[in-house]
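> below are the sequence and a predicted model; questions follow.
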Number of protein chains: 2
Amino acid sequence: MQDKTQKQITLDHGSGGSASSELIESLFLEYLTDPALHRMEDAAVLNIQGKKLAFSTDSFVVDPIFFPGGSIGELAINGTINDLAMQGARPAALSLGLIIEEGFGLDDLERIIRDIADTCRKAEVPVVTGDTKVVPRGKADRIFINTSGIGIIDEAADISSSRIREGDAVLLSGTVADHGITILTSREGLEFQGELQSDTCALHKMVQSILGKLIQSSSVHALHALRDPTRGGLATTLSELARSSGTCMEIFEAEIPIAAPVRAACELMGLDPLYIANEGKFIAIAEEQHAESIIEVMRSFPEGHNCSIIGKVTSNYPGKVVVHTSSGGSRFAEPLTGEPLPRIC
Amino acid sequence: MQDKTQKQITLDHGSGGSASSELIESLFLEYLTDPALHRMEDAAVLNIQGKKLAFSTDSFVVDPIFFPGGSIGELAINGTINDLAMQGARPAALSLGLIIEEGFGLDDLERIIRDIADTCRKAEVPVVTGDTKVVPRGKADRIFINTSGIGIIDEAADISSSRIREGDAVLLSGTVADHGITILTSREGLEFQGELQSDTCALHKMVQSILGKLIQSSSVHALHALRDPTRGGLATTLSELARSSGTCMEIFEAEIPIAAPVRAACELMGLDPLYIANEGKFIAIAEEQHAESIIEVMRSFPEGHNCSIIGKVTSNYPGKVVVHTSSGGSRFAEPLTGEPLPRIC
């Protein structure tokens, strides 16, 4: 029996914003003391018998499970691949854990498994192990998916938010807010004439291309940090990077690519696109003189077509994100508080 | 909207018995084609840059979340450690994915995280990466936990159900049915004077000791297969081993250790202890002349104190399990059909 007087978990705790950070810091990191966990990156970096491996996990509870541009299955595969890619790792193997509600349609399950298989094939990363649990009707909402993944990190790569330095350029691989706005409008049954679509995609090939080019020119050290702005969006992710590196992220609103229908939907609903989740974009922080070279690689991929240099790292307000607005002003962008969009991934 | 006419997932599909096997074979293996997945062992065996690694995943949805002898937290850590151990791997790192229902008590969460930390410390295996999702009230039942794990397999070990041979001995590390009967009676509020207790524990140290002893005597090849009889119990697990190796497992009822209160509870409820889940036991199948040597190691661990040689591998009924009863008769033990005990782990 639950004690009604005790403090409770709220949706905020799962937002990826400041309540999530507090829960992680006050509870999980208090008891779980491994240094790899305490690095708080998207994936742990392990040294296993002399090999550098990345290891990551993510659970997906998105509602609806099918949406324009993707499904919970695609999201689950791409999401964990991207967490590995953000450590510069080449994803090698994935696990698949399903929790299914009794009564869930076998046709829907088949559609999800087919999506998973197609996404794996496209990404060239296999599911190698799995587990299925079924809970009675009403004890879960249709289907939840966990994926974990192992990736191999090139000896030369050294990607970590601790390497961010003043003077670095801040790059973004494409438009923001596509995924979150698509889920929200699709869940609420809002019509935007089919223009909105999730950006879910696997980013490891783009990252590997960037690393390959930099390694070839003996400048892989120039790439300092990678992060995909999922829950909490671009502003929250930049805020985490500023905080963990003790630097200031200054970004220029005019340089942040946003698709016209996404911008329109955000304006209509009064949402700030900088706080809306993405599932196929990443931030790269690199030495300024190598920024154009990285942008060239991004642009050569369809999913990096709208990439942009959105700002720079300074020492003006350590731990803060400053947004220079299109109208010439500027404001701080704090990490997300509250949970505007539950079950976005 | 779910189509009411389509076929649906039932609790049987999550039982670990024959409906689970059918779902895996007809759907998952149909679309997901990686050979490591198709081996259908407790963990995948990967060759990553010349190193043999085991990789496994498991989701835990047990109800109740706290029970005599353990909690969902302990179960989640020990369960994945054991899946790795069953491939002869030394567990190196775990991931932790939480799905929490809005309103779940922070004190209960803290108790679970503390259990996880204690269990990790005792097992000397760290959680290195994690993820937390929160779903609205009523969309999940309190808390579900996924753990995945990476283990390192000794070059010398070659553990696989495909190596089972006629003449092998079948060993069991201790009493059966403790976990399942504890969960069931605890959930139903049945009183057994506190005698029942889950057997949840990590088995990797016992397995490593067995491997160490066999390696020392240059007879590691003698250990053919390891498997922990969780969902579906001893009979279902032996049945899977018989089926995948094309051999016959003949076991002697009188040799199967069952604790007196568990036997009494099973008799009272009309349940067959051979089909009830275990969370701290394993089956070892090894060349007959090395069986006593393995038993000696098992017996030196408190959790292996009640170990026993329970039978032998023959060619009498390929793919079948034959139980020789205490009264001198014999019967086939088929894999579990139906789901007598949902949410047992």
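On my side now, so go ahead.

> phi, psi of A:Thr57?
phi -140, psi 150 (degrees, to the nearest 10).

> so what's it closest to, chain neighbours aside?
B:Ser95 (3.6 Å; Cβ to Cβ, 6 or more residues apart in numbering or on different chains). Every C-beta, even on glycine, is put in place using the N, C-alpha and C of the backbone.

> the one you found touches B:Gly149, doesn't it?
Yes. Counting by Cβ atoms under 8 Å, B:Gly149 is a contact partner of B:Ser95 at 7.3 Å.

> let's verify A:Leu75: helix, strand, or coil?
helix (DSSP: H, G, I helix; E, B strand; the rest coil).

> wait, what's in contact with it?
A:Phe60, A:Val62, A:Ser198, A:Thr200, A:Glu279, A:Cys345 (Cβ atoms under 8 Å, 6 or more residues apart in numbering or on different chains).

> could you check the distance from A:Glu155 over to A:Arg165?
Going from A:Glu155 to A:Arg165 by Cβ to Cβ, to the nearest Å gives 22 Å.

> between those two, which one's more packed in?
A:Arg165 (15 against 10; other Cβ atoms under 10 Å in any protein chain shown).

> that one and A:His224 touch, don't they?
Yes. A:Arg165 is within contact range of A:His224, at 6.8 Å (criterion: Cβ under 8 Å).

> so the residue nearest to A:Thr57 is in which element?
For B:Ser95, the host element (DSSP states H and E) is strand B:89-101.

> in stretch A:208-222, what's buried?
A:Gln208, A:Ser209, A:Ile210, A:Leu211, A:Lys213, A:Leu214, A:Ile215, A:Val220, A:Ala222 (16 or more other Cβ atoms under 10 Å in any protein chain shown).

> quick check: end-to-end length of that stretch?
Using Cα to Cα, to the nearest Å, one end of stretch A:208-222 lies 15 Å from the other.

> do it and chain B come into contact?
No. Applying Cβ under 8 Å from any Cβ of the partner chain, one finds stretch A:208-222 out of contact with chain B, separated by at least 15.9 Å.

> which ones among the contacts of A:Leu75 also lie next to chain B?
A:Phe60.

> got TSV for the contacts of A:Leu75, with pLDDT, secondary structure and neighbour count too?
Below are the contacts of A:Leu75 laid out as TSV (pLDDT from 0 to 100; DSSP: H, G, I helix; E, B strand; the rest coil; neighbours: other Cβ atoms under 10 Å in any protein chain shown):
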residue	pLDDT	secondary structure	neighbour count
A:Phe60	98	strand	25
A:Val62	97	coil	27
A:Ser198	97	coil	26
A:Thr200	98	coil	26
A:Glu279	98	coil	28
A:Cys345	94	coil	24
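
> hmm, back to that, in helices, which of the buried residues of stretch A:208-222 appear?
A:Gln208, A:Ser209, A:Ile210, A:Leu211, A:Lys213, A:Leu214, A:Ile215 (DSSP state H).

> what angle separates the strand holding B:Ser95 from strand A:89-101?
50 degrees (axes from the mean of the first three to the mean of the last three Cα atoms, to 10 degrees).

> just the CA trace of strand B:89-101, in PDB.
Output of strand B:89-101 as PDB, limited to C-alpha atoms (Å, rounded to 0.1, in the frame of the first residue of the first chain):
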ATOM      1  CA  ALA B  89      30.700 -14.500 -18.800                       C
ATOM      2  CA  ARG B  90      32.100 -12.400 -16.000                       C
ATOM      3  CA  PRO B  91      29.600  -9.500 -15.800                       C
ATOM      4  CA  ALA B  92      31.400  -6.100 -16.300                       C
ATOM      5  CA  ALA B  93      28.700  -3.400 -16.500                       C
ATOM      6  CA  LEU B  94      24.900  -2.900 -16.200                       C
ATOM      7  CA  SER B  95      22.500  -0.400 -17.500                       C
ATOM      8  CA  LEU B  96      19.300   0.700 -15.600                       C
ATOM      9  CA  GLY B  97      16.200   1.900 -17.400                       C
ATOM     10  CA  LEU B  98      13.200   2.900 -15.200                       C
ATOM     11  CA  ILE B  99       9.600   3.500 -16.200                       C
ATOM     12  CA  ILE B 100       7.800   5.100 -13.300                       C
ATOM     13  CA  GLU B 101       4.100   5.900 -12.900                       C
END
